[in-house]
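Novice: Next one to model:
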Amino acid sequence: MVQFTQNFVTGIPFLAREMKGTGPPGAERAYTRAMWDVATGNITREERMMIHELLMRGIANDQFIRQISREVRGFVNERAGNVFDIMTMPFSRMEIFNRKSAALAAFRVFKEKGNGFQDALDKARDFIYDTHYLMTKANIPQAARGGDIPSQAIGTAYTFRRFTHNYILSMIYSFRDADGNFNLKNMDVFLRSLAWMAVFGGLAGLPFLDDLLDQLEKFFGIPFRTKIRELTKSIGGEALERASIAGIPALLGQIPGMVGVDLSGSIRIGFPNITQPLKGGEDTVFGVWGGVGRKMANAWEAASREDYLRAVEFASPAFLENMLKAARMATQGGTTPAGKIIFDEKGYPIRETVGEAIVQAVGFRPARIAAASATHREYTNLQANFTERRKDLYAKARLAVDKPGDLKKVIVEVQKYNLDAAKYKGAIPLINSNSLRRAMTAKPEGKFMVFENVFGQEANP
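Specialist: Prediction:
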């Protein structure tokens, strides 16, 4: 499904640029018709020849999956490699479908403009490279192209960063004029791409926005996501609220018997952590290896606390992990990686319904579960802000013990803190006179004194 969205996120925006003057839905209509015709085989002899030529050149083939397969086979035996090829077959078919659809849509547009077969074919080839990119070894960093073990390791680490890399570069290049100069007037491709990202993933699916909201919530202590939900709900009700946050797929839950899904986590492009630049570095630096290392670390922690079923879940490949997670979420309920039970707003453990478990098992995240997770993350961000403010106020109070003027200023700041914290009706702790007095009272730490008396060295006078 996520692969399928690439036709809309990258294909349609670039096709629209070639179809200027046909109206807003012109590119969408032409591209979706091309996808339908590829799926049903409703293509002319000339179009079939064009697709065959691109397949023979390797342009419309499953370049990405084949490159991954070559990299995986460099580390495993032949039998494991064959198993990998079988497991990736759906992704391989979808990549070929995407490239054929892009070629057919572009070829038809260029033929309608009066181009001959060869010219239209060459432009269709370039269109594929603009929208689905060159995914061979020729389009990866030089350090990852070699055949030695370090190069193969770097190449594998880069595996799941290729789309992000190519997408950002393609959007940057889309701003250029024919002479290569950057021009803000060429925003049509970028804006249309963002629009389709929002359709499938809501605001959370837009590049960098979700991570930026995290940083803003931690810095200002304001629940921006909640305010967005309240605003959209006041304008268009619950349907607009869900669509604005998680996209159109989340609205499937409004249909009786259907389950809403959240694709934003798979679509969005992450933003580096501003306050903690090294956090999440294992993904940025080590790519797929970072993810594998994190899975193994979680599996080891689960096994160390004798939670062996959770350890197996962590250590399993993604397709099997989804099935095990669905079974656990439907029976035991949601838990953190450390095994802590996750509760909903009414105090009940969060459990998936049968329909949600089925959706989870096939790799989609149920919208209801994603919403609960987002709310918890938003609360954690607010906690981080108010915790830091409390620590700062306690420190100022200690420094102002013998300074009445400074202490009055601290008390004013404490009052402001309490007014802000009171808005959350007990979710954020207030600063009362007792806690402020304890912070201002300097006394030795009892437990440390016990440790020092038993294990510490004798202090010098």
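Novice: Only C-alpha atoms from now on, for both contacts and neighbour counts.
Specialist: OK.
Novice: so how far is the strand or helix carrying E47 from its chain's centroid?
Specialist: Element membership for E47 (DSSP states H and E) is helix 45-56. Averaged C-alpha coordinates place helix 45-56 at 36 Å from its chain's average position (Cα atoms, centre = their mean, to the nearest Å).
Novice: and N322, what does it touch?
Specialist: N322 makes contacts with 360-363, as judged by Cα atoms under 8 Å, 6 or more residues apart in numbering.
Novice: And for M50?
Specialist: So, once contact is read as Cα under 8 Å, 6+ apart, M50 ends up touching L121.
Novice: now do F455
Specialist: With Cα under 8 Å, 6+ apart, F455 has no contacts at all.
Novice: and A198, which of the three is it?
Specialist: What DSSP: H, G, I helix; E, B strand; the rest coil gives for A198 is helix.
Novice: Report how many residues lie close to it.
Specialist: 25 (other Cα atoms under 10 Å).
Novice: Could you report the pLDDT at it?
Specialist: On the pLDDT scale, A198 is placed at 91.
Novice: Please look at it and A250 and confirm they touch.
Specialist: No: contact criterion Cα atoms under 8 Å: A198 and A250 do not qualify, at 11.8 Å.
Novice: how about the helix holding E47 as CSV, C-alpha atoms only?
Specialist: Output of helix 45-56 as CSV, limited to C-alpha atoms (Å, rounded to 0.1, in the frame of the first residue of the first chain):
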residue,chain,number,x,y,z
ARG,A,45,0.3,-2.5,-29.4
GLU,A,46,2.5,0.6,-29.5
GLU,A,47,2.2,1.0,-25.7
ARG,A,48,3.0,-2.6,-25.2
MET,A,49,6.2,-2.2,-27.4
MET,A,50,7.2,0.8,-25.3
ILE,A,51,6.8,-1.0,-22.0
HIS,A,52,8.7,-4.1,-23.4
GLU,A,53,11.5,-1.8,-24.5
LEU,A,54,11.8,-0.3,-21.0
LEU,A,55,11.7,-3.7,-19.4
MET,A,56,14.4,-5.0,-21.6
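Novice: Show me which parts of it are buried, residue by residue.
Specialist: 47, 50-51, 54-55 (16 or more other Cα atoms under 10 Å).
Novice: can I get those in a markdown table with pLDDT and distance to I411?
Specialist: Shown next, in a markdown table, are the buried residues of helix 45-56 (pLDDT from 0 to 100; distance: Cα to Cα, whole Å):
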| residue | pLDDT | distance to I411 |
| --- | --- | --- |
| E47 | 94 | 77 |
| M50 | 93 | 76 |
| I51 | 92 | 74 |
| L54 | 90 | 73 |
| L55 | 86 | 73 |
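Novice: between those residues, which is closest to M323?
Specialist: L55 (35.2 Å; Cα to Cα).
Novice: Does the spatially most central residue of the chain fall in a helix, a strand, or a coil region?
Specialist: In the chain, the residue lying closest to the centroid (Cα atoms, centre = their mean) is G265, at 3.4 Å. Under the three-state scheme (three-state DSSP), G265 adopts helix.
Novice: Quickly note the distance from it to G221.
Specialist: From G265 across to G221, the span is 23 Å (Cα to Cα, to the nearest Å).
Novice: What of R162?
Specialist: Distance from R162 to G221, by Cα to Cα: 35 Å.
Novice: Look at these two and report which has more neighbours.
Specialist: Using other Cα under 10 Å as the criterion, R162 and G221 rank with G221 on top: 20 against 15.
Novice: Isn't that one up against F386?
Specialist: Yes: counting by Cα under 8 Å, G221 does reach F386; the two are 6.8 Å apart.
Novice: Kindly give a single ChimeraX line that selects the buried subset of the contacts of N322.
Specialist: To isolate the buried members of the contacts of N322 in ChimeraX, using 16+ other Cα under 10 Å:
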select :360,361,363
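Novice: Mind jotting down where the strands sit in the protein?
Specialist: Secondary structure of the chain by DSSP state E: the strands cover 261-262, 365-366.
Novice: Quick one, which of those gets closest to A297.
Specialist: strand 365-366 (22.9 Å).
Novice: Distance from that closest one to the middle of the chain?
Specialist: 13 Å.
Novice: And that strand, what does it pack against?
Specialist: Other elements packing on strand 365-366 under the criterion 3 or more Cα pairs under 8 Å, 6 or more residues apart in numbering; DSSP states H and E are strand 261-262, helix 354-361.
Novice: In CSV: the ones you listed, plus mean pLDDT.
Specialist: Conversion of the helices and strands packed on strand 365-366 to CSV gives the following (pLDDT from 0 to 100):
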stretch, mean pLDDT
strand 261-262, 90
helix 354-361, 91
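Novice: Let me know which of these is tucked in deepest.
Specialist: Among the helices and strands packed on strand 365-366, strand 261-262 has the highest mean neighbour count (mean count of other Cα atoms under 10 Å), at a mean of 28.
Novice: what lines up beside that one in the sheet?
Specialist: Strand 261-262 pairs in its sheet with strand 365-366 (antiparallel), by DSSP bridges.
Novice: quick one: contacts of the strand it pairs with?
Specialist: For strand 365-366, contacts defined as Cα under 8 Å, 6+ apart pick out 259-263, 356, 359-360.
Novice: Now flag whichever of the residues you listed is closest to L121.
Specialist: When these are compared against L121 (criterion: Cα to Cα), the nearest one is L263, at 33.7 Å.
Novice: Pull the contacting residues for the residue nearest to that closest one when sequence neighbours are not counted.
Specialist: Closest residue in space to L263, ignoring its immediate chain neighbours: G201 at 5.4 Å, by Cα to Cα, 6 or more residues apart in numbering. By Cα under 8 Å, 6+ apart, G201 lies in contact with 245-249, 262-265, 267-268.
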